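1. Below are the sequence and a predicted model for it; my questions follow.
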Amino acid sequence: MDTCIFCKIRDKEIPKEFTYEDEDIMVFPDINPKKPIHLLIVPKEHIVEFAKLTDDVLLSKIRKIIQQMITTSKLSDAGYQVTVNGGGLQDIDHLHFHLKGPWLEREV
Ligand code: AMP
Ligand code: ZN
């Protein structure tokens with residue numbers, strides 16, 4: 001946990017501009033975005049991965065924040081993905097959800 005990059009971001013040891021923050025959750029852009037909008041929604045508590053998440057209240061808060069980010073990022077009808085990597089597929093062992101988009105082509 002001492003070396004966890006997301007804990008360091010939470011503790012302001014690594015400077016990061018947050019898109020959203022409250023007492024339980026932080027949201028910031030992925031450093032290596034795969035889409036024009038690529039946000040990471042991260043609980044402040046060091047939960048190693050999705051399979052270890054047991055707190056339904058926290059999960060509900062995360063859901064609400066992701067839905068809020070979908071709206072404020074104008075992704076509601078633009079195609080988006082919400083993903084979580086686990087079971088060793090993840091690079092960072094601190095639970096986080098990816099919100100990526102847009103995926104749909106739009107005529108102007
Ligand atoms: P995952 O494979 O799901 O663990 O994804 C980890 C994500 O964290 C990757 O998409 C990285 O680009 C991203 N990432 C790593 N370090 C940072 C950082 N300092 N700030 C923002 N995003 C980061
Ligand atoms: Zn951590």
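-> Perfect, I can see it now. Since we're looking at a predicted model, the values are computed, not measured. Ligands and ions are numbered 1, 2, ... in the order given.

2. show me where pLDDT drops low in the chain?
-> Residues of the chain meeting the criterion pLDDT under 70: 1, 107-108.

3. Let me know the next secondary structure element after the helix of greatest length in it.
-> If you go by DSSP state H, the chain has its longest helix at helix 56-72. Next along the chain after helix 56-72, taking DSSP states H and E as the criterion, comes strand 81-83.

4. Buried residues, that next one. List them.
-> By 16 or more other Cβ atoms under 10 Å, the buried positions in strand 81-83 come out as residue 82. Where you see a C-beta, it was placed from the backbone N, CA and C, and this is true even at glycine.

5. Stretch 87-103 too?
-> 93-102.

6. For these, give me a markdown table that also has distance to ligand 1.
-> Listed next are the buried residues of stretch 87-103 as a markdown table, based on distance: Cβ to the nearest ligand atom, whole Å:
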| residue | distance to ligand 1 |
| --- | --- |
| 93 | 8 |
| 94 | 8 |
| 95 | 9 |
| 96 | 6 |
| 97 | 9 |
| 98 | 6 |
| 99 | 12 |
| 100 | 10 |
| 101 | 15 |
| 102 | 18 |
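
7. all helices for this protein, in order.
-> Going by DSSP H, the chain shows helices at 5-10, 56-72.

8. quick check, the longest strand along the chain touching ligand 2?
-> When the chain is parsed with DSSP state E, its longest strand is strand 37-43. No: contact of strand 37-43 with ligand 2 (Cβ under 5 Å from the ion) is absent, the minimum separation being 8.5 Å.

9. near ligand 2, which residues of the protein show up?
-> Residues of the chain lying near ligand 2 by Cβ under 5 Å from the ion: 4, 6-7, 46, 94.

10. From those, keep the buried residues only.
-> The neighbour-count test (16+ other Cβ under 10 Å) marks 6-7, 94 as buried among the residues of the chain next to ligand 2.
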